[in-house]
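Let me see the structure of the following:
(one chain, ligands or ions: 1)
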Amino acid sequence: MGVIMKKRSFILVAVASIAFALSVPITLDTPTTSVTYAKSTKRIAGKTVAKAIKSTPDLNPTSSVRKYPAYIYDKYWKVFDRWYNVQPMSEPGTFNSKHTAKVYVANKALKSYTYTAMQNWNKALKVKAFKLGTKSNHTITVGFKNAGTGEGSWDGYYITSKLFINYNFFDNANYMPAAYKAITGKAMPSADKPNSAEYQSIYDTYWKSVVTHELGHSLGLDHTPYSNDIMEADSGTRSGDAKYTWNSTKVVNDDYAIFEDKLSSRDINRAKLTKVLGYW
Ligand SMILES: [Zn+2]
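I've put the predicted structure just below:
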């Protein structure tokens with residue numbers, strides 16, 4: 001087929017500056033001042049929050065930093081964004097007051113992958129974050145897009161309330177073996193037998209993972225460098241919502257979430273954090 005893949009760019013997120021009117025006061029880069037809240041008799045010092053944040057594992061907002069009253073997240077959302085690589089990526093209204101988005105799958109071929117991905121998050125978060133919508137009643141759409149196969153192409157993409165899968169990779173027997181090799185450094189089992197059960201299983205798991213990853217973006221999760229995270233990407237740049245720059249994946253226990261369709265505790269903790277931050 002002569003498909004040339006110059007670059008594996010399979011998870012590119014639209015972090016194009018989406019200007020949301022976050023109704024928060026101007027925040028400090030580092031929380032050093034005390035904050036007070038009219039309805040609370042307690043006063044939590046910014047220093048206390050900063051100390052708790054710094055004692056969590058890398059990019060992993062464990063329960064110790066998810067227990068604060070709402071005003072702390074209103075005041076320090078920038079700090080949380082930067083420290084845990086999160087930011088709102090869905091347009092306001094995508095998730096309703098019950099924290100649920102309605103997902104409409106426009107292409108039949110993507111249905112089962114999307115259902116699994118929705119369930120992955122719902123089960124892990126113990127909340128119905130995603131439920132099925134209809135053509136006329138939905139807040140997120142899932143469909144195909146032609147994003148080419150060369151440089152700048154991608155597997156999946158999420159922007160404001162639309163999730164796209166690149167059908168040039170989805171519908172391409174050469175892609176899975178190439179992606180497998182690029183990610184794991186190993187030859188894909190049954191690479192030359194696209195009709196075998198083994199090939200099909202790897203293929204299905206991979207695309208379920210891609211949709212799960214993209215739905216993670218809808219929840220406000222940006223990338224991490226860890227191979228065992230569904231939100232892994234092979235590079236990232238330090239920015240207002242990224243703690244540091246990385247140029248290669250940190251491989252953890254030879255464990256690649258993308259080939260396991262499995263959320264890590266870091267993925268789950270980050271999604272729990274973005275919920276308290278009000279991003280979904
Ligand atoms: Zn991504």
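
drop to CA atoms for contacts and neighbour counts, all remaining ones
OK.

which residue ranges form the helices in the stretch 1-150 of the chain?
Here the stretch 1-150 of the chain has its helices, by DSSP state H, counting those that start in this stretch, at 46-54, 70-84, 111-125.

Highest mean neighbour count out of those?
The highest mean neighbour count among those, using mean count of other Cα atoms under 10 Å, belongs to helix 70-84: a mean of 20.

Rebuild the helices of the stretch 1-150 of the chain as a markdown table, extending it with mean pLDDT.
Converted to a markdown table, the helices of the stretch 1-150 of the chain look like this (pLDDT from 0 to 100):
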| stretch | mean pLDDT |
| --- | --- |
| helix 46-54 | 94 |
| helix 70-84 | 96 |
| helix 111-125 | 98 |
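
want to throw those into CSV with distance to the ion?
Rendered in CSV, the data for the helices of the stretch 1-150 of the chain read as follows (distance: least, Cα to the ion, whole Å):
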stretch, distance to the ion
helix 46-54, 24
helix 70-84, 15
helix 111-125, 14
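
any weak-confidence spans in the stretch 1-150 of the chain?
Across the stretch 1-150 of the chain, the ranges flagged by pLDDT under 70 are 1-42.

How about the longest helix along the chain and the ion, any contact?
Among the elements of type helix in the chain, defined by DSSP state H, the one spanning the most residues is helix 197-218. No. Using Cα under 5 Å from the ion, helix 197-218 never reaches the ion; the gap is at least 6.0 Å.

which other helices and strands contact the following helix or strand past that helix?
Heading C-terminal from helix 197-218, the first helix or strand you meet, by DSSP states H and E, is helix 265-276. Contact analysis of helix 265-276 by 3 or more Cα pairs under 8 Å, 6 or more residues apart in numbering; DSSP states H and E lists helix 70-84, helix 111-125 as its packing neighbours.

So which of the ones you listed is nearest residue 271?
Between residue 271 and the helices and strands packed on helix 265-276, the shortest gap by Cα to Cα is with helix 111-125, which sits at 7.7 Å.

List of residues touching that closest one?
Contact partners of helix 111-125, identified using Cα atoms under 8 Å, 6 or more residues apart in numbering, comprise 105, 128-131, 142, 204, 207-209, 211-212, 215, 262-263, 268, 271-272.
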